[in-house]
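>>> following is a predicted model, sequence given first.
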Amino acid sequence: MHEVSIAYGILEDLQRETKRHGVCQVSRVHVKIGSLREVVPKDVAFAFDVASQGTVAEGAELNIRVVPARGRCDECEIDFDVQTDTSRFGFQCPQCRRIGAELISGKELEIVLIRGTCKDGKPKSRPSEWPRERQAAGYFSLG
């Protein structure tokens, strides 16, 4: 069950970034996980909830978006859905049938958004990087 190690990895990265940005309490985390990672999002969320006890992320809502596997054929220059049951053996272009297309999505594992507050209760954000409505909401990106 690698969902537990993924949850601990997310928490480790989250703690490093919140310290870097002066966030004292996290209320929401958005994560992208590629479908080829073969994880059960509900299990990652449960493991995160348990692992985050006593940390800056205790009680935080974890939102997971599963990213579908997509390939790109260099010959045809098209993007296509990758069948996950055959992805271990290479990807075949549905148009020219060439095997060995480039994987362009499906292996992601990244924190894309954190919402948190500082000790004074004010939302923490990096104002120059977000539209006004997101500045007020206290979002910042890791990128």
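Here it is on my side, so go on.
>>> how far is whichever strand or helix holds R115 from where the chain is centred?
Secondary structure assignment for R115, by DSSP states H and E: strand 109-117. Strand 109-117 sits 8 Å away from the centroid of its parent chain (C-alpha atoms, centre = their mean, to the nearest Å).
>>> list the buried residues for that strand?
Residues L109, I111, L113, I114, R115, G116 are the ones in strand 109-117 that count as buried (16 or more other C-beta atoms under 10 Å). Glycine gets a C-beta too; all of them are placed from N, C-alpha and C.
>>> what's the neighbour count on the spatially closest residue to S52 that is not a sequence neighbour?
Spatial nearest neighbour of S52, excluding adjacent residues (C-beta to C-beta, 6 or more residues apart in numbering): E58 at 5.1 Å. Other residues lying near E58 total 12 when counted by other C-beta atoms under 10 Å.
>>> how about E58, secondary structure?
At E58, secondary structure determined by DSSP: H, G, I helix; E, B strand; the rest coil is coil.
>>> what does it show for phi and psi?
When read as degrees, to the nearest 10, the backbone of E58 gives phi -60, psi 130.
>>> can you give me the pLDDT of it?
Predicted confidence (pLDDT) for E58: 95.
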